[in-house]
Structures are given as C-alpha cells and as structure tokens.
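Chemist: Using only what follows, build the 3D model:
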Amino acid sequence: MGNTDNMRTGRSAWGWIPTLYFAEGFPYVLIVTVAMIMYKQLGLSNADVTLYTAWLYLPWVIKPLWSPFVDLMKTKRWWVLLTQFILGAGLAGIAFIIPTTNFVRWTLAIFWLLAFSSATHDISIDGFYMIGLNESQQAFFAGIRNTAYRIAIIAGQGGLLMIVGLLQKRTGSFVSAWSMAFIIAGSIMLLLAFYHSLAMPKPETDGKATPSAGALLRGFIATFASYFRKPYIVRALLFILLFRLAEAQLTKVCPLFLLDSPEAGGLGLTTEQVGFAQGTIGVIGLLIGGIIGGAAISVGGLGRWLWPMVWAISVPDLVYVLLSWFPTQNMWIVSACIFVEQLGYGFGFTCYTLYMIYFSRGEQKTSHYAISTGIMALGMMLPGMISGHMQQLMGYRMFFIWVIICCSVTFAVSAIIKFDYNFGKKEQ
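Modeler: This is a model prediction of the structure:
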C-alpha cells in the first residue's frame, strides 16, 4: 500500500475529520449568533445589533465569487491552517478590545476579518475533504462531519454562553466575562490549528494540476452563466431567497427576546439560561429534526414530504407568540418551546437543502450548489438586517405575529417550484 493509500485509511481520517468540522462550526456560530448576544449585553439597541451582525453574513453570500481562486494559490491544507490561526488570533484579539471605549467599531472590524476567514476556511475544508478521502470514505464520514459541526454549535452557542453566564456571576461584569470568554474561544481555535498542523495528511494531489488564472476565470464566468440559464431559474431564486423569510427575522430577534427584561417585553433570562435553552436544548432539537427529515425523504421522496416540511418549519414559530403574550421564566416551559420550534425547523429545512441539491444537478453541480448557498445566505442577511428595527417599532408581541404572517411567503414560494416528485427517495 502506497503513501497516498495510507493517508486515506479510516484510522487516519478519524484523527482529523471530526476536529476539522468542529473547527468549521465553532467560529461560525460565534460570528453570527454569539456576537449578537455580546453586543446586546454591552448596551447596543436591538436595531443596531441585528443590522451590524446581519452584515457579517456577507462573506458567505459572496463566497462563490472567490472560492475558485483558493485553488490557484497554495494548497487546501495551507489555507485550512492559515485561516484557523487567523481565527484563533482574531477571537483572542476581540477579548482585549472589548474593555476599550471604541469597542463596537474595532470588534466589528475584527468580526469582518473573521467572517471572511471563516468563509475561506469553509471552502478549503470542503476541498480538502474531497482530496483527502476516497469516495467511499467521503460517504462514510458525511454523517460524522455533520455531527461534529453540530457539536461545535452546541459548544459555542450553548457551552460558551453558559461559561459567560457563570463568569458574569463571579465577576459582576459583562465586559470582563465576555473578554475571558473570547480568550477561551481564541485558545480553542489556536489549539485546533496546532493540532491540525500535525494531524492533517499531505495529499499528493493537493495543489497539483491547478488551472491557469485565465482558464479559471473563463470557467468561473461559464459556471455562473450556466446556473442562471437553468430551467425555472426565477422560481428557484424566489424559493431559495424567500423560503426562510420568517426564520431569517426570527433567528436574529429570538436571543434578544430571551435576554430582554420583562419591562421591555422580553423574558429576562440570564446568559447561562439562554445558552442552555437555545444553545443546547434547541440545537439538539435541530439535530434530531434534521435526522428525521433526512430519513423521511429517503423513504417517501421530496414530493411526498414537501408540504409536511413547509408546515413543520412554519407552525412551531407560534411558540414565540405564546411566550411573548404569556411570558414565563420557567426553564422547562421555555426550553420545551425552543426545542419544538427547532425540531420543526430542522425537519422542515431538509426539503430546502434537498431542493438546492436537486436544482444544482448537472456537470457543475458542486459549483452550482455553492452559488445556491450564497443566495441562501443573502436570503438570511437582508431580512435579518431590518428585523431588530422592526421589532423596536412593533414590540415583541406584534413582531412575532408579523413573523407568522411572513410564513405565508414560505407557502407561496413552495407552491411554484418544479422538481422530480421522487427525488431523494432511496431506490429499493
């Protein structure tokens, strides 16, 4: 067995696949979710929090524009390690800026750098996955990488937030607690970077046979042109952009609602409680919903499960209407409501991702799927930017009713798409 074959053994892959995809999910959740909670507790208004943090989606929106050029420079392994070191140093750097007077401006600047690094990190990891494993191993580790990613979400949105809550109790200071939390987060990423510099293999094909810049640019333009020439492109764009219109707004405002005082219309939970309810129980519900959704479609196909999934991603949003009109700090009730909403979201989101896979079929399916995910990120960014402002105008009670009204858009765009009824169904 040659050197390349040794590199591709299951034993070696177990040494870097789980940690690599943990390293992918951990900075992402800190940038798009945890940062929002930090700014809220450090005194920013809901309108400012959602506007500033929604802009951080932009690197994932435009990721397809620079992903081909990652192939031109260095190796995938080099990009993975470089971006992990940048992410670790940047997260630690935020810790030292939080106590300063101009912390909003400078932390946002670093979060922008981290967002672009994280998006580039995603590109290089997925590329390395393809060349570091053979096809059978890629299939075997698909579920493992997704699980590792979800564990990272729990660690960041749940574990780190609970640590922040404990530090707030001990120090009596939001500033000190968040500074120490980001030192911990930065240290985790730096340790992962050092570990991966030793554990990641060095595929012989990494960085080899890279096309010229001119050829890459021509192929890049041709790929985008072929995507927008696909049949039913307008319907597909409307679906990808608007399917999550309600969730895009809800996702941004939910943590703020949980943290805000009862006088402001919120539930007045502590950071530790939010980390447990939303970052742990909620993410577990999301994971279970996704597993059930995948299993259901493999049995019945996309056509059979589209409408049950549309209902599942929409109706559970009502739990926030109930919590805003009948507020409670009972953690069993709050956690159960968040679990139900995230369970439905995980189940319903399956049809959305499967449709993007269906629409991206063809010779350039990988590139076309990347374009679809960029459009998906745009669909999260734009509504998220104004969600905090709308909440301040309406109040939490009317805002959550507005979210339910927006669910009608999800139903409308789901009714116009064209697809193979049995797509996703496992062959007997």
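Chemist: and the one helix or strand residue 296 maps to, what other elements does it pack with?
Modeler: When elements are assigned from DSSP states H and E, residue 296 belongs to helix 283-300. Using 3 or more CB pairs under 8 Å, 6 or more residues apart in numbering; DSSP states H and E as the contact criterion, the neighbours of helix 283-300 among helices and strands are helix 135-153, helix 302-314, helix 331-359. Yep, even glycine has a C-beta here, placed from its N, CA and C like the rest.
Chemist: Who are the contact partners of residue 42?
Modeler: For residue 42, the contact set (CB atoms under 8 Å, 6 or more residues apart in numbering) comprises 98, 103, 174-175, 178.
Chemist: again with residue 369
Modeler: Under the criterion of CB under 8 Å, 6+ apart, the contact list for residue 369 reads 356-357, 360.
Chemist: wait, which of these is closest to residue 17?
Modeler: When these are ranked by distance to residue 17 (CB to CB), residue 357 comes first, at 21.4 Å.
Chemist: Please report how far the closest one lies from residue 201.
Modeler: Distance, residue 357 to residue 201, using CB to CB, to the nearest Å: 28 Å.
Chemist: what about those two, which has more around it?
Modeler: A count of neighbours by other CB atoms under 10 Å puts residue 201 above the other of residue 357 and residue 201, at 21 against 15.
Chemist: Select the longest helix from this structure.
Modeler: Counting by DSSP state H, the longest helix found in the chain is helix 365-416.
Chemist: now that one against helix 302-314, angle please.
Modeler: Interaxial angle, helix 365-416 versus helix 302-314 (axes from the mean of the first three to the mean of the last three CA atoms, to 10 degrees): 70 degrees.
Chemist: Let's have the helices and strands packed on helix 283-300 in a markdown table, adding distance to residue 163 and mean pLDDT.
Modeler: As requested, those are arranged in a markdown table below (distance: least, CB to CB, whole Å; pLDDT from 0 to 100):
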| stretch | distance to residue 163 | mean pLDDT |
| --- | --- | --- |
| helix 135-153 | 15 | 77 |
| helix 302-314 | 31 | 94 |
| helix 331-359 | 18 | 92 |
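Chemist: still on that earlier bit, which among the contacts of residue 42 end up buried?
Modeler: Buried residues within these, defined by neighbour count using 16 or more other CB atoms under 10 Å: 98, 103, 174, 178.
Chemist: can I assume the third one is in contact with residue 39?
Modeler: I take that to be residue 174. No. Under the criterion of CB atoms under 8 Å, residue 174 is not in contact with residue 39, lying 10.7 Å apart.
Chemist: In contact with residue 22, which residues are there?
Modeler: When contacts are counted by CB under 8 Å, 6+ apart, residue 22 is found next to 148-149, 151-152, 155, 192.
Chemist: right, I mislabeled it, should have said residue 411
Modeler: Contacts for residue 411 were tallied using CB under 8 Å, 6+ apart; they are 310, 314.
Chemist: For it, give its distance to residue 166.
Modeler: Separation of residue 411 from residue 166 (CB to CB): 43 Å.
Chemist: what does residue 272 give?
Modeler: Distance of residue 272 to residue 166, given as CB to CB: 6 Å.
Chemist: for residue 28, same thing?
Modeler: Taking CB to CB as the measure, residue 28 falls 24 Å from residue 166.
Chemist: returning to that earlier point: now for the buried ones among the contacts of residue 42, which pair is the farthest apart?
Modeler: Among the buried ones among the contacts of residue 42, the pair separated by the greatest distance (CB to CB) is 103 and 174, at 11.5 Å.
Chemist: the helices in the stretch 151-300 of the chain, which residues?
Modeler: Listed in chain order, the helices of the stretch 151-300 of the chain (DSSP state H, counting those that start in this stretch) span residues 161-171, 174-199, 213-228, 233-242, 245-259, 271-276, 283-300.
Chemist: For the closest residue to residue 193 other than its chain neighbours, pull up the helix or strand it's in.
Modeler: For residue 193, the nearest residue in space outside its immediate sequence neighbours is residue 84; the separation is 3.7 Å by CB to CB, 6 or more residues apart in numbering. The secondary structure element spanning residue 84 is helix 76-97 (assigned by DSSP H and E).
Chemist: roughly how far out does the helix or strand just after that helix sit from the chain middle?
Modeler: Heading C-terminal from helix 76-97, the first helix or strand you meet, by DSSP H and E, is helix 103-132. For helix 103-132, the distance from its own C-alpha centre to the chain's C-alpha centre is 12 Å (CA atoms, centre = their mean, to the nearest Å).
Chemist: what angle do helix 103-132 and helix 174-199 make?
Modeler: Interaxial angle, helix 103-132 versus helix 174-199 (the same axes, to 10 degrees): 20 degrees.
Chemist: Return the set of buried residues in helix 103-132.
Modeler: Judged by neighbour count using 16+ other CB under 10 Å, the buried positions of helix 103-132 are 103-104, 106-108, 110-129, 131-132.
Chemist: Same question for stretch 393-409.
Modeler: Residues 396, 399-404, 406-407, 409 are the ones in stretch 393-409 that count as buried (16+ other CB under 10 Å).
Chemist: swap in stretch 296-303?
Modeler: For stretch 296-303, using 16+ other CB under 10 Å, the buried residues are 296-297, 300-303.
Chemist: Looking at these, which is nearest residue 224?
Modeler: Proximity of the buried residues of stretch 296-303 to residue 224, judged by CB to CB, is greatest for residue 302, which lies at 25.7 Å.
Chemist: Contact partners for the closest one?
Modeler: Contacts for residue 302 were tallied using CB under 8 Å, 6+ apart; they are 351, 354-355, 358, 419-425.
Chemist: For the residue nearest to residue 193, give its distance to residue 284.
Modeler: Counting by CB to CB - residue 84 and residue 284 are separated by 27 Å.
Chemist: Of the two, which one has the most company?
Modeler: Each of residue 84 and residue 284 had its neighbours counted (other CB under 10 Å), and the higher figure belongs to residue 84 (28 against 17).
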